[in-house]
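J.: Need coordinates for the following:
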Amino acid sequence: MGTQKEKLSILSEMIAFARVDYSLKESEYHFLLGVASNLGVAKEIFDELLKQKSPKVVLKSQAERIVQFNRLLLLMNIDQEQHEKEIHTLHNIGLAMGLPPSAIGQVLEVMHKYPDKVVPPDVLINIFKAHYN
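T.: Here you go, the predicted model:
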């Protein structure tokens, strides 16, 4: 997955999103740390991102953007709470990524049908495929 700059940008975006409600819960921190680990970013570097944001890098492929949208969706639901501000912010992030508004809306709607609001990957992919065809 991408360059170190892209990885740090992904994590910075996620940290900023987690703080939309003006706090970073322990469950969110651990989720983000897991994402950092999966991306190959050391804990020390991740902890620095909590203090100083990394420059924004636009993800090139549609697949990378969908994966990032899904990460943000999982992050939003990690604490079992969805605030209107989080949903609105996630919707806007998806739009800024160039994802189809109807697909974003459908994902935000169907998440309520699944345990812990975790949309299965095949369902997520099919939603986006349907909106690109």
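
J.: Now do the same contact list for the most centrally placed residue in the chain.
T.: In the chain, the residue lying closest to the centroid (C-alpha atoms, centre = their mean) is residue 72, at 1.8 Å. Counting by C-beta atoms under 8 Å, 6 or more residues apart in numbering, residue 72 touches 13-14, 17, 90, 93. Quick note: C-beta positions are derived from backbone N, CA and C, even for glycine.

J.: ok, so of those residues, who is nearest residue 108?
T.: residue 90 (7.3 Å; C-beta to C-beta).

J.: Can you get me a residue count around the closest one?
T.: Residue 90 has 21 neighbours, counted by other C-beta atoms under 10 Å.

J.: same check, this time on residue 49
T.: Neighbours around residue 49, by other C-beta under 10 Å: 19.

J.: Isn't it up against residue 12?
T.: Yes - counting by C-beta atoms under 8 Å, residue 49 touches residue 12, with 5.6 Å between them.

J.: Can you point out the buried residues in the helix or strand bottoming out on mean pLDDT in the chain?
T.: Taking mean pLDDT, DSSP states H and E as the measure, helix 121-132 is the helix or strand of the chain with the lowest mean score, a mean of 92. Within helix 121-132, the residues that count as buried by 16 or more other C-beta atoms under 10 Å are 124, 127-128, 131.
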